[in-house]
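Peer 1: coordinates only, no sequence provided:
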C-alpha cells in the first residue's frame, strides 16, 4: 500500500524518462511478486485428485466432456442444461482439458491455478490503470490471490466456471475504461461481448451493469452527482455524464442480464435446484441472508473455519444472531455513509453487498446457506475498502512507508500460510468431508459425501454409519437412503436394500436421481429372483430418464435370462450408445455369442477388455446372468 500520488485516475505519463522507467519497473516488480506468490502458494493443488463433489458431473462421469472437443461436444455444450446451468464455455473448457490431459487430474488443477494467476494479474492491472496507485492495487490483488476463502474456487476442478467468469468480468472492466475515455459503439460492443462470454462461463457476474455504475462513481469519476472533488483531473480522460445518462448507457447490458437471468432460472428449474417456499420459507431465507452477510464479513477478517458446504438452517435462527448481524450491516453502512467523501468506501461496500445478491439465497438454489466460492467476486470490494482505507490512514498519521510495507508483507504471509493449510484439506476427499463435519453442525451433505468416499473405497462398515447419521439429521434426504440401499445391496441383504431404495424413492424429486434409485431397486429384485418387479422398476427408471444406461442393461439382463436374445442385444447395444461401459459390452458379447454371432461377440468382448475395470466386471456379469 504505497503512498497515494493521485486522487482519481492516471492522467498523463510522467514527463521524465527516468521517472517513467521507475514506474514501469515498479509495475513489473509487483506483477512478478504477485505471480510468484500465487504459484508458490497453490502449487500443491496440482497433485490433488478429482473429488466426489460435482467433479464427476463436470468431468469424470460426463461422457460428452470425456470425449474431448468435437463438433458434437460444442453442440451439446450450447444446448444442455446439465448441472442445472447453461454455461457452454465451462463445458468446453473441461472438454479441452480431457482432450489435452486425458483422465489425469493434474492437468485440470494446473489450469485452475493458471486461471487464478491470470485473474490476480488482471485485477492488479485493472485497478492500477484506473487509479494510478500501483501499491494499493498490488495489495488488493495480493489479498485476492492469497486469502484462504478462495481455496475452494482454485482447488476444486468443478469451480472452473468461477475462474472463467471472473476473468471475463475483469477484461470487461478493462474494456469499459477504454470505452469511457472515448465512448464509441465499437468499444461498447467489446464490453458487451466480454460480458456475454463471462455469463456463458457462470452467470454470477450478472451484476456487471451495477458494478460499472460504481466504477463510474469511483475510480473513473464520470458521475457528476455529489461533490466534484477530483473531477478536474478525471475529466482529462473520462468525460462526465449525469447519473441518468450513465444508467441509460447501461440499459443494453441490463437487457443482457435479464436474458441471462431467464436462462439461468430455466436451467436451475430443469435440474430441480430451485427450492420451494414450502421447504425454505421466505422469512427463513431472509434471516439466513442477513446472517450470511455478517458471516462473510467475519470470514474476510478471520477465514477460519472454512467448509466446502454450509447447510441451510432447518429451523429459525436465534433472534439475537439475526439482530446482531443486522446491526453490524447497518453500522457498517452508516460508517460508509459518514465517510462518503472517500468514494472507495461506498464503491467497495456496495460492490460487496451487490455482487452477493444473486447468491445470498432469497431465491434459494441448492441446499447451502452460503459458500466460500461466492466470495471470489464479492470480497474484491472489501479488499479495496481495506487497502485504500489503511493507506489513507497511514498518510494521515504520517506513518513511515516501511511500516506500511512491513505490515502488508506480514499480512500476506499469514494469509498464504492459511491458504496452504486450507489447501491440504482438499488433497483428499475423506479429509475434506471429515473437516466439514468437524467445523459445521448438522451437515448431512458432508456425512453423505464422506460415506460415499468410504463406499468407493469398499469400506461399507465405515460408510453406512455416516449415511444413517445423514438420514437422522435430515429425514427427507433421499440420497442418504439411496446410499444405505447400495451398502445393503453389496452385503447381499436384499430385504433391507429394497426397503432403503423404496424409502429413497419416496423422498427424491430429481428425475435422473430417481431413475437411478429405481434402477438399483430393479437389480436387487433381480438378485432376489423377482423378475416382474425388476422389470417394472427398470421401466419406471426409463420413463423418468430414457437414457439411464443402468436400466437398459437391467432390461437386457432380464431378456437374456429369459432367452429373448434379440431384445437383450437391442438393450445392451442401446446402453452402450448412451454410455459405453465394460459391463454393457461384456453382456452384449454374451448375448451375441448365445445367438450364434461369434465374430460380433468377439468384437464386443475386445471392446470390454480395453476398458478400465474389466476384471471386476466379469464377476458382476456372472452375478447378474450366470456364466
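Peer 2: Structure received. Predicted model only: the values in this text are computed from it and were never measured.
Peer 1: and stretch 167-184, what's its mean pLDDT?
Peer 2: Mean per-residue pLDDT for stretch 167-184: 97.
Peer 1: same check, this time on stretch 73-91
Peer 2: Mean predicted lDDT for stretch 73-91 stands at 95.
Peer 1: from the chain's centre, how far out does it sit?
Peer 2: Here stretch 73-91 is found 15 Å from its chain centre; the criterion is C-alpha atoms, centre = their mean, to the nearest Å.
Peer 1: so who does the residue nearest in space to the middle of the chain touch?
Peer 2: Taking C-alpha atoms, centre = their mean, the centroid of the chain lies closest to residue 159, which sits 3.5 Å from it. For residue 159, the contacting residues are 112, 152-153, 373, by C-beta atoms under 8 Å, 6 or more residues apart in numbering. Just so you know, the C-beta spots here come from the backbone N, C-alpha and C atoms, and that holds for glycine as well.
Peer 1: which ones among those residues map onto helices?
Peer 2: Using DSSP state H, the subset of those located in helices is 112, 152-153.
Peer 1: turn those into JSON lines, including neighbour count, pLDDT and distance to residue 123.
Peer 2: Listed next are these as JSON lines, based on neighbours: other C-beta atoms under 10 Å; pLDDT from 0 to 100; distance: C-beta to C-beta, whole Å:
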{"residue": "112", "neighbour count": "25", "pLDDT": "98", "distance to residue 123": "16"}
{"residue": "152", "neighbour count": "22", "pLDDT": "98", "distance to residue 123": "18"}
{"residue": "153", "neighbour count": "24", "pLDDT": "98", "distance to residue 123": "14"}
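Peer 1: of these, closest to residue 423?
Peer 2: Using C-beta to C-beta, residue 152 comes nearest to residue 423 of the ones in helices among the contacts of residue 159, at 10.1 Å.
Peer 1: could you give the number of residues near the nearest residue to the closest one once chain neighbours are set aside?
Peer 2: Excluding the flanking residues, the one nearest residue 152 by C-beta to C-beta, 6 or more residues apart in numbering is residue 372, at 4.1 Å. Residue 372: 25 surrounding residues under other C-beta atoms under 10 Å.
Peer 1: next one: the one 10 residues further on
Peer 2: Using other C-beta under 10 Å, residue 382 has 21 other residues around it.
Peer 1: list the buried residues in the host helix or strand of it.
Peer 2: Residue 382 is part of helix 375-396 when elements are defined by DSSP states H and E. Neighbour-count burial for helix 375-396, counted by 16 or more other C-beta atoms under 10 Å, picks out 375-392, 394.
Peer 1: related to what we said a few turns ago, surely the residue nearest to the centre of the chain is within a helix?
Peer 2: Yes: residue state for residue 159 (DSSP: H, G, I helix; E, B strand; the rest coil) corresponds to a helix.
Peer 1: and it, how far from residue 93?
Peer 2: Noted for residue 159: a distance of 12 Å to residue 93, by C-beta to C-beta, to the nearest Å.
Peer 1: repeat for residue 161
Peer 2: Distance of residue 161 to residue 93, computed by C-beta to C-beta: 8 Å.
Peer 1: comparing the two, which shows the higher neighbour count?
Peer 2: Comparing residue 161 with residue 93 by other C-beta under 10 Å, the one with more neighbours is residue 161, at 25 against 21.
Peer 1: ends of stretch 484-502, how far apart?
Peer 2: Using C-alpha to C-alpha, to the nearest Å, one end of stretch 484-502 lies 11 Å from the other.
Peer 1: in that stretch, which residues are buried?
Peer 2: 484-489, 494, 496-498, 500-501.
Peer 1: can you list these in TSV and add distance to residue 134?
Peer 2: Formatted as TSV, the buried residues of stretch 484-502 follow (distance: C-beta to C-beta, whole Å):
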residue	distance to residue 134
484	58
485	60
486	56
487	58
488	63
489	62
494	69
496	66
497	64
498	67
500	61
501	62
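Peer 1: so which of these belong to helices?
Peer 2: Those of the buried residues of stretch 484-502 lying in helices (DSSP H): 484-489, 494, 496-498, 500-501.
Peer 1: kind regards, and thank you for your time.
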